[in-house]
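Asks: I would like the atomic coordinates for the input below:
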Amino acid sequence: MATGTDIAAVPGSAPGDGTDASLTSRQRARLPLATQRADRKLDAIASNSAAQLLVQASQRAATVVQCIAWLHKAATAWGEPLEAVSACRKGCAHCCHIPVTITGSEAKLIARASGRGVRTPPRGVRVQDLVDAESTSAATRQLQQWPAGVACPFLSDAMCSVYAARPLACRVLFNMDDDDLLCQHGDGEPAQVPYADARMLRALALAAQPAEVLADIRAFFPPGER
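Replies: I've put the predicted structure just below:
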């Protein structure tokens, strides 16, 4: 399963260092170099063949939840070669303060692992609406309304308390620069980040659950509730 670079802006705010103006200027100066670094790293990485086998297993699953569980395993296998060369490190929690979109099936897996109840999202978006050309724009705008700058409800001491059951969005998010500069956010314009390209895995996951509802993880599991 091939990888590439997906340059994307990170929505929302997460803890940063220094003034917003200084941070923004340093991030803008860094992006060209970060993109070059990412391309070099990804060109040198051999893909993990286990990922494709796990994708095939997901296609034989009897239920949607089982299918997503297999795709989670595939995403983890896909990400293993990236871990050693990405900027992501244990205890780095910038991405735990930005919107994290998950599906109802993923919420069920997280609920099993955490013992928490699942809420019905008040502003969920059907997966089908993201593939329906007439509904895509409205659905995308609705998903972008979810909270920014609020910690994930499963973040504890800068660590994920449901790491083994974390959603696909978290499993495939790898900043391919050398450090976390581009992940830091103040109140200014969001920086662009050279992420490893996981669009194929995301598409497979959405295609497997067209009837599911998408929402921010905080909508399924409101912070402060158990």
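Asks: next SSE downstream of the lowest-mean-pLDDT helix or strand in the chain?
Replies: Lowest by mean pLDDT, DSSP states H and E among the helices and strands of the chain is helix 136-143, with a mean of 70. Tracing the chain C-terminally past helix 136-143 and defining elements by DSSP states H and E, one meets strand 155-156 next.
Asks: so what touches that next one?
Replies: Contacts with strand 155-156, where a contact means CB atoms under 8 Å, 6 or more residues apart in numbering, come from 93, 96, 161. (Each C-beta comes from the backbone N, C-alpha and C, glycine too.)
Asks: I'd like those residues laid out as CSV, including neighbour count and pLDDT.
Replies: CSV is the format used below for the contacts of strand 155-156 (neighbours: other CB atoms under 10 Å; pLDDT from 0 to 100):
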residue, neighbour count, pLDDT
93, 19, 93
96, 20, 94
161, 14, 96
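Asks: all strands for the chain, in order.
Replies: With DSSP state E as the criterion, the chain has strands at 5-9, 101-103, 125-126, 155-156, 159-160, 192-196, 213-216.
Asks: residues contacting the residue most central in space within the chain?
Replies: The centre of the chain sits closest to residue 169, judged by CA atoms, centre = their mean, with a distance of 2.6 Å. Applying CB under 8 Å, 6+ apart, one finds that residue 169 lies in contact with 100-102, 202.
Asks: for this structure, give me the ranges with low pLDDT.
Replies: 1-3, 9-19, 132-136, 138-139, 144-148, 188 (pLDDT under 70).
Asks: hmm, try it at 90
Replies: Along the chain, segments meeting pLDDT under 90 span 1-21, 90-91, 98-99, 122-150, 185-191, 223-226.
Asks: what about the longest helix in it?
Replies: Counting residues, the longest helix found in the chain (DSSP state H) is helix 20-44.
Asks: which other residues reach stretch 21-39?
Replies: 5, 7, 16-18, 176-178, 181-182, 184-186, 188-189, 191-194, 196.
Asks: buried ones among these?
Replies: 5, 16, 176-177, 181-182, 184-186, 188, 191-194, 196 (16 or more other CB atoms under 10 Å).
Asks: please tell me how far residue 90 sits from residue 166.
Replies: Distance, residue 90 to residue 166, by CB to CB, to the nearest Å: 13 Å.
Asks: more neighbours: which of these two?
Replies: Per other CB atoms under 10 Å, whichever of residue 90 and residue 166 has more neighbours is residue 166, with 23 against 9.
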